[in-house]
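Chemist: need a 3D model of the following:
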Amino acid sequence: MDALSKSRRKALKVAVGALCTEVGYGMAEESAIETLTEMLQSVLTEVGKSSKAYTELCGRTEVMVTDVLMSLVDQGINIESIPAYANRLNKSVLVPPGQMQPPAVQRVLAAGDKQDHPGYIPDHLPQFPDPHTYIRTDTRKQPVSEYQLIREKAASYKRDTERALTRFVAKTGQTQSIFKDDNSLFPLIAVQPHPQPYLAALLPKDQDLDTLEASDIPTYTAPIPRGRADPDGTSVDPDSIDNPYLMPVKMPKYRKYKVS
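Modeler: Down below sits the predicted model:
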């Protein structure tokens, strides 16, 4: 039995159960329901075959109501009692089952236009695959080399880093806010007042001069002016002076001009 026959059999079984409930049965055995379902299916099958026979006898392809009535009369069913039975008061209304949506067929993403078969390849053979399957395709992005984008990215990274560090210090240390009542909005790092703030600028903190040796302390030697010599008698090259402000002034050469 295929899936369609099973679904039809299940619908007939539900109809038989509804009719038994209308009559007054509260429960029924499975074998009894199956027997009644088989009887109902046999009657409907015979009515359908007889209706088709009357249709073909009249030279038609579609079944009409008169064909069904003639088949019911042949089965010995009183057709005049059908309207009264259809309009009974305590009838059970069966909701038609919802139609299942067919599964969506996944479409294969096509990249590029497929190449047609050459003349020596028959058309019934499979088509060529997408071009990206046999053509080199880069799988990585080229690095950004534009100056503007790099500067914007560096500025954004620096801003995020400073913001994260500020929030970390604000959460772990003492904070103050520009609002008096709420400290959660716009937290600021609390300023620690110092009684003598000018001492921080006078006292060195990077290195301790007492612990340094005499050879480690840098000394300043004034440059020797142009034209002078060292104490040992050696001359000094003026080009060796790095500071241009300490070099002697170069006077322009005097030239005589004739007035014509």
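Chemist: gap between Pro143 and Leu149?
Modeler: Computed as C-beta to C-beta, to the nearest Å, the Pro143 to Leu149 distance reads 10 Å. From N, CA and C alone the C-beta is placed, and that goes for glycine too.
Chemist: same thing with Cys58?
Modeler: 82 Å.
Chemist: what's the following helix or strand after the lowest-mean-pLDDT helix or strand in the chain?
Modeler: Within the chain, no helix or strand scores below strand 187-189, which has a mean of 68 by mean pLDDT, DSSP states H and E. Along the chain past strand 187-189, the next helix or strand (assigned with DSSP states H and E) turns out to be helix 199-202.
Chemist: average pLDDT for that next one, rounded please.
Modeler: With pLDDT averaged residue by residue, helix 199-202 scores 76.
Chemist: in this structure, which helix has the most residues?
Modeler: helix 30-57 (DSSP state H).
Chemist: centre of the chain to it, how far?
Modeler: Put simply, helix 30-57 sits 56 Å off its chain's centre (C-alpha atoms, centre = their mean, to the nearest Å).
Chemist: pull out the buried residues from it.
Modeler: Of the residues in helix 30-57, those buried under the neighbour-count criterion (16 or more other C-beta atoms under 10 Å) are Leu36, Thr37, Gln41, Val47, Ser50, Ser51, Tyr54, Thr55.
Chemist: can you list these in TSV and add distance to Thr161 and pLDDT?
Modeler: Supplementary listing: those in TSV, determined by distance: C-beta to C-beta, whole Å; pLDDT from 0 to 100:
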residue	distance to Thr161	pLDDT
Leu36	80	90
Thr37	76	91
Gln41	78	91
Val47	84	91
Ser50	88	93
Ser51	84	92
Tyr54	89	92
Thr55	85	92
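Chemist: of all those, which two lie farthest apart?
Modeler: Longest distance between any two of the buried residues of helix 30-57 is 28.9 Å, between Leu36 and Thr55; criterion C-beta to C-beta.
Chemist: let me see the domain layout of this structure.
Modeler: Structurally, the chain divides into domains by automatic domain parsing as follows: 3-86, 145-175.
Chemist: which other helices and strands does the longest helix of the chain contact?
Modeler: Using 3 or more C-beta pairs under 8 Å, 6 or more residues apart in numbering; DSSP states H and E as the contact criterion, the neighbours of helix 30-57 among helices and strands are helix 3-23, helix 65-74.
Chemist: to Ala200, which of the ones you listed lies closest?
Modeler: helix 3-23 (88.6 Å).
Chemist: helix 30-57 and the closest one, what's the angle between them?
Modeler: Interaxial angle of helix 3-23 relative to helix 30-57 (axes from the mean of the first three to the mean of the last three C-alpha atoms, to 10 degrees): 110 degrees.
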